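**Q** my questions concern the predicted model and sequence given below.
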Amino acid sequence: MAFFQKIKDAFARNKDKDKYLSGLSRSKKTFGDRLRALSNNFHGIDDELLEEIMILMLESDVGIHTAQKLVDQFEKEGKNIKNYDSMEDYLISILYDFYDPESDPQIRYNEDGPTVILMVGVNGAGKTTTSAKLIEYYKEQGKSVAVAAADTFRAGAIDQIATWAQRLDVPCIKGKQGQDPSSVLVDACRYAKENDIDILIADTAGRLQNKTNLMKELSKMNRVCEKEIPGAPQEVWLVLDATTGQNGISQAKEFLEATNVTGIILTKMDGTAKGGVVMAIRDLLHLPVRFLGLGEKPADLRPFDLNAYLIGITKGLEDE
Ligand SMILES: Nc1nc2c(ncn2[C@@H]2O[C@H](COP(=O)(O)OP(=O)(O)OP(=O)(O)O)[C@@H](O)[C@H]2O)c(=O)[nH]1
């Protein structure tokens, strides 16, 4: 069976089909539609085609380093491919194998108490909105959720997350602007233990200007969480704005130096043609993409599904 058919069958079971496809439509225009245009003049995998594919990847923000690896792989095994459809199918399989979803660890949930998820990322990446989306996501799953307003640095951040918490009807543990965020976290962890909270989402400050301070602050947050709840934070998710493409990768590297990030959430995927950044994240950061932000509303977050993503950026489900 053709590779695309396989991932399409897997995708058919995804209840978020429409959301994924519409959210990735810009990325599809840059990558999939332009790839398809190559079918008009296809005569095998030659230098001209390799160059076109390289350009497509660069324009989708795969990044030069990762794009080169993918094109090399594609060239190595694809010599005997003589028709366009097989070439397209083969390229999608290369992207799939490169991401290799089976190698992702499962999200760590605490079996014996609250699971603490620390949200990190620069200001404006969509951290607060994503925290709200996660509240909605876990509530939908029947979990009890609370949020810690641990961004005590940015004016307005506490109110912003508190407003979301109120709207989504979950408790928000907050301090005052300028307060040590770790003390807010301690209060939030205690609250979570005492009130049988399943998921505690901690919205932290997004400072990058001073890496030493960031490191200190994040390691303190990690320490106090662990002291209150063994193994916490179970997850540290770095929120990256997909529209920033390769710049997001440099930002991410700084956060990775400062703390033990366990996964990436890519926001604003609906607003960008730079969907290829997923491949760069995998290649350069070696981290799982956990969720995609596909809109501004609390319901617009989806767990990352490689099949859905590849279909979304390449062919969509045109024949349906
Ligand atoms: N289209 C779209 N917009 C998004 C998405 N995620 C966030 N946004 C928007 O991006 C803007 C910034 O989001 P915030 O959540 O305020 O950013 P932030 O990272 O929390 O900022 P700080 O609190 O300063 O760290 C807001 O206008 C959000 O509505 C998304 O997935 N899609």
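**A** Yep, it's here.
**Q** what average pLDDT does the helix or strand residue 93 falls within get?
**A** According to DSSP states H and E, residue 93 maps onto helix 84-99. Helix 84-99 comes out with an average pLDDT of 94.
**Q** which parts of it are buried?
**A** By neighbour count with 16 or more other Cβ atoms under 10 Å, helix 84-99 contains the buried residues 84, 87-96, 98-99. For glycine as for every other residue, the C-beta is placed from the backbone atoms N, C-alpha and C.
**Q** show me what residue of this structure gets nearest to the ligand.
**A** Residue of the chain nearest the ligand, by Cβ to the nearest ligand atom: residue 293 (2.4 Å).
**Q** could you find the closest non-adjacent residue to that residue?
**A** residue 267 (3.5 Å; Cβ to Cβ, 6 or more residues apart in numbering).
**Q** cool, residue 133 as well?
**A** The nearest residue in space to residue 133 (Cβ to Cβ, 6+ apart) is residue 301, at 3.6 Å.
**Q** residue 180 too?
**A** Residue 180 sits nearest to residue 152 (Cβ to Cβ, 6+ apart), 7.4 Å away.
**Q** repeat for residue 183
**A** Excluding the flanking residues, the one nearest residue 183 by Cβ to Cβ, 6+ apart is residue 175, at 6.4 Å.
**Q** for residue 7, same thing?
**A** residue 307 (4.1 Å).
**Q** other SSEs contacting the helix or strand containing the one you found?
**A** For residue 307, the enclosing helix or strand under DSSP H and E is helix 306-313. Under the contact criterion of 3 or more Cβ pairs under 8 Å, 6 or more residues apart in numbering; DSSP states H and E, helix 306-313 touches helix 3-12, helix 17-23, helix 25-30, helix 84-99.
**Q** could I get these as CSV with distance to the ligand?
**A** Listed next are the helices and strands packed on helix 306-313 as CSV, based on distance: least, Cβ to the nearest ligand atom, whole Å:
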stretch, distance to the ligand
helix 3-12, 20
helix 17-23, 8
helix 25-30, 11
helix 84-99, 20
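**Q** now the ones you listed as JSON lines including distance to residue 49?
**A** Formatted as JSON lines, those follow (distance: least, Cβ to Cβ, whole Å):
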{"stretch": "helix 3-12", "distance to residue 49": "18"}
{"stretch": "helix 17-23", "distance to residue 49": "27"}
{"stretch": "helix 25-30", "distance to residue 49": "18"}
{"stretch": "helix 84-99", "distance to residue 49": "8"}
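**Q** so which of these comes closest to residue 45?
**A** For these, the distance to residue 45 is smallest for helix 84-99, at 6.5 Å, taking Cβ to Cβ.
**Q** helix 3-12 and the helix holding residue 93, what's the angle between them?
**A** Angle of helix 84-99 versus helix 3-12, following axes from the mean of the first three to the mean of the last three Cα atoms, to 10 degrees, is 60 degrees.
**Q** quick check: pLDDT value at residue 1.
**A** With respect to pLDDT, residue 1 has a value of 64.
**Q** I meant to write residue 208 there.
**A** We have a pLDDT of 63 for residue 208.
**Q** what comes into contact with the helix or strand that contains residue 266?
**A** Assessed by DSSP H and E, residue 266 sits inside strand 263-267. Outside strand 263-267, the residues within contact range by Cβ atoms under 8 Å, 6 or more residues apart in numbering are 107, 125-126, 129-130, 235-242, 252, 277-278, 281, 285, 287-293, 301, 304.
**Q** now those: which count as buried?
**A** 125-126, 129-130, 235-242, 252, 277-278, 281, 285, 287-293, 301, 304.
**Q** just the residues of this protein that are near the ligand, which are they?
**A** With Cβ under 6 Å from any ligand atom as the criterion, the chain comes near the ligand at residues 121, 123-129, 151, 154, 157, 206, 267-268, 270-271, 293-296, 300.
**Q** who's in contact with the spatially closest residue to residue 29 that is not a sequence neighbour?
**A** In this structure, residue 29 finds its nearest non-sequential neighbour in residue 273, 6.4 Å apart by Cβ to Cβ, 6+ apart. Contact partners of residue 273, counting by Cβ under 8 Å, 6+ apart, are 26-27, 29-31, 59-61.
**Q** which two among these are spaced furthest apart?
**A** Spanning the widest gap among the contacts of residue 273 are 29 and 61, at 13.6 Å by Cβ to Cβ.
**Q** which one's more surrounded, these two?
**A** Neighbours of residue 29 and residue 61, each counted by other Cβ atoms under 10 Å, are more numerous for residue 61; the result is 28 against 12.
**Q** if I look at residue 178, how far off is residue 151?
**A** Look at residue 178 and residue 151: by Cβ to Cβ, to the nearest Å, they are 11 Å apart.
**Q** ditto for residue 305
**A** 29 Å.
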